[in-house]
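In: show me the folded form of this:
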Amino acid sequence: MEFIATAKIGLESTVAFQLHKLGILDTETLDARVKFSGGYTEMTKALLWLRTAERLLMTVAVFHADSFEALFEQTKAIDWKRYLTPKTRIHVNGKSAKSTLFSVSDCQSIVKKAIVESLKASYRVQTVPETEEEVIIEVGILRDEVTIALDCCGAGLSRRGYRTYNVAAPLSETLGAGLILLSRFFPDTPLIDPMCGSGTIPIEAAMIANNIAPSQNRSFAAEQWRFIDRNLFATAREEALDLQRHEKLEILGSDIDPHCIDLCKKHAKKAGVMVNWNVRPVSELATEWSHGVLICNPPYGERLSDKQEVKKLYRQMRTVFDRLPDWQINIITASREFESIYGKPANRRRKLSNGGMPCTLYQFNPQKSETND
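Out: Next up, the predicted model:
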């Protein structure tokens, strides 16, 4: 079978890397998605362990359609009896880009009608009552190529279950994990987030360091599928628990807002990790750790009234972070002027997206490594 792990633009390589670590080697990396082959065991592992994927889909069919009639007939021809019963509640999501069939709502309606007609014929019934478990069907059309898939997740994979309280403009768990993986963080490396907000980056780092499966404590839509062995999930969760570590971690999250730190402590407890937390402004950042990784998601200054304050913060960050010459500095922002305001060119830049907003991850090497280069 073929699966599709969707991802934010810029994080595709991290998804492929995680799949390879799971022993899933037959992968193809495309824009905003990674395809891979496998069975239900591989699907279950991917659901539990993918830290930076947004969703996991199981491909049912791929075909060309440039008319509603072609979409209807080819969808109806799929063996839906393999996946659904007449009582299955059918929910169809859709998207279309650069295609003749551009009306997403019409495509969703036609696909739903085709599935219902297929089930009626297969089961020899007059009605499809849809009174039992829900199955979510995804229809994606790109350049007139239609992909029909089952949504394995339900809620997106960023919903780990530990973040029950939020602050303004929270960083998603998948993006937080992506920043950590892109920063060359290792479990024995100290990590600091000096503007930690609701704690996503320190908590995700602690989960990575302790090898905690990110989706260990949540459920998935695929667990309700009647056509797979549900014991697969219980077995995979037991194996994941056996792989957890319980190391003392050198991870620190700090923020100027005491309310944020209170939330961080609650989220960390729910995630089952131990992290150091401090209430302090970035100007007072200090550490006894000689080297490590610093990651932060500062305010972007999108509102005109905030721009001057944000510029002042960015200049202050440069002064403070220069006190950490042996640290890898990673800063994500939507500001196109960041490097000129910060006063230093980054060694690496990666285009990302935060909440639909185009951003860049600026990465600055430790001064020692720059000297050695």
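In: measure residue 358 to residue 15 for me?
Out: According to Cβ to Cβ, to the nearest Å, residue 358 stands 19 Å off from residue 15. C-beta coordinates here come from the backbone N, C-alpha and C atoms, glycine included.
In: which of those two has more neighbours?
Out: Applying other Cβ atoms under 10 Å to residue 358 and residue 15 shows that residue 15 carries more neighbours, namely 28 against 12.
In: now do the SS call for that one.
Out: Assigned by DSSP: H, G, I helix; E, B strand; the rest coil, the conformation of residue 15 is helix.
In: C-alpha coordinates for the longest helix seen in the chain, PDB please?
Out: For the chain, the helix with the greatest residue count under DSSP state H is helix 104-123. Listed next in PDB are the C-alpha coordinates belonging to helix 104-123 (Å, rounded to 0.1, in the frame of the first residue of the first chain):
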ATOM      1  CA  VAL A 104     -13.800  21.800  -4.300                       C
ATOM      2  CA  SER A 105     -17.400  21.700  -2.900                       C
ATOM      3  CA  ASP A 106     -18.700  20.200  -6.200                       C
ATOM      4  CA  CYS A 107     -15.900  17.600  -6.200                       C
ATOM      5  CA  GLN A 108     -16.600  16.600  -2.600                       C
ATOM      6  CA  SER A 109     -20.300  16.200  -3.400                       C
ATOM      7  CA  ILE A 110     -19.600  14.100  -6.500                       C
ATOM      8  CA  VAL A 111     -17.200  11.900  -4.700                       C
ATOM      9  CA  LYS A 112     -19.600  11.300  -1.800                       C
ATOM     10  CA  LYS A 113     -22.400  10.500  -4.300                       C
ATOM     11  CA  ALA A 114     -20.200   8.100  -6.200                       C
ATOM     12  CA  ILE A 115     -19.100   6.300  -3.000                       C
ATOM     13  CA  VAL A 116     -22.800   5.900  -1.900                       C
ATOM     14  CA  GLU A 117     -23.800   4.500  -5.300                       C
ATOM     15  CA  SER A 118     -20.900   2.100  -5.100                       C
ATOM     16  CA  LEU A 119     -21.900   0.900  -1.700                       C
ATOM     17  CA  LYS A 120     -25.500   0.400  -2.700                       C
ATOM     18  CA  ALA A 121     -24.500  -1.700  -5.600                       C
ATOM     19  CA  SER A 122     -21.900  -3.800  -3.700                       C
ATOM     20  CA  TYR A 123     -24.200  -4.500  -0.700                       C
END
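In: quick one: contacts of that helix?
Out: Outside of helix 104-123, the residues that reach it under the criterion Cβ atoms under 8 Å, 6 or more residues apart in numbering are 68, 71-73, 75-81, 84-86, 90, 92-96, 101, 125-128, 137, 139, 141, 148.
In: list the buried residues for stretch 195-208?
Out: In terms of neighbour count (16 or more other Cβ atoms under 10 Å), stretch 195-208 has its buried residues at 195-208.
In: just how off-centre is that stretch within its chain?
Out: For stretch 195-208, the gap between its own C-alpha mean and the chain's C-alpha mean amounts to 14 Å (Cα atoms, centre = their mean, to the nearest Å).
In: show me the helices in the stretch 1-150 of the chain, by range?
Out: With DSSP state H, counting those that start in this stretch as the criterion, the stretch 1-150 of the chain has helices at 12-21, 40-49, 68-76, 104-123.
In: could you dump those to TSV with mean pLDDT and distance to residue 55?
Out: Supplementary listing: the helices of the stretch 1-150 of the chain in TSV, determined by pLDDT from 0 to 100; distance: least, Cβ to Cβ, whole Å:
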stretch	mean pLDDT	distance to residue 55
helix 12-21	97	11
helix 40-49	97	10
helix 68-76	98	21
helix 104-123	97	17
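In: looking at these, which is buried most?
Out: Across these, averaging neighbours per residue (mean count of other Cβ atoms under 10 Å) puts helix 40-49 on top, at a mean of 21.
In: which elements pack onto it?
Out: With contacts defined as 3 or more Cβ pairs under 8 Å, 6 or more residues apart in numbering; DSSP states H and E, the secondary structure elements packing on helix 40-49 are strand 2-7, helix 12-21, strand 53-64, helix 231-243.
In: measure residue 364 to residue 153 for me?
Out: Note on residue 364: its distance to residue 153, by Cβ to Cβ, is 35 Å.
In: wasn't residue 310 part of a helix?
Out: Yes: for residue 310, which was evaluated using three-state DSSP, the result is membership in a helix.
In: domains for the chain, by residue range?
Out: Taking automatic domain parsing as the reference, the chain has its domains at 2-151, 173-210+245-372.
In: how distant is the last one from the center of its chain?
Out: What that stands for is domain 173-210+245-372. Mean C-alpha position of domain 173-210+245-372 versus that of the full chain (Cα atoms, centre = their mean) differs by 18 Å.
In: repeat for the shortest one
Out: Centre-to-centre, domain 2-151 and its host chain are 18 Å apart (Cα atoms, centre = their mean).
In: which residue ranges of the stretch 201-350 of the chain form strands?
Out: For the stretch 201-350 of the chain, the strands identified by DSSP state E, counting those that start in this stretch occupy 251-255, 276-279, 292-296, 327-333, 348-354, in order along the chain.
In: including distance to residue 191, mean neighbour count and mean pLDDT, could these go into a markdown table?
Out: Written out in a markdown table, the entries for the strands of the stretch 201-350 of the chain read as follows (distance: least, Cβ to Cβ, whole Å; neighbours: other Cβ atoms under 10 Å; pLDDT from 0 to 100):
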| stretch | distance to residue 191 | mean neighbour count | mean pLDDT |
| --- | --- | --- | --- |
| strand 251-255 | 5 | 25 | 97 |
| strand 276-279 | 10 | 16 | 96 |
| strand 292-296 | 5 | 23 | 97 |
| strand 327-333 | 10 | 24 | 97 |
| strand 348-354 | 18 | 15 | 96 |
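In: all set now, cheers.
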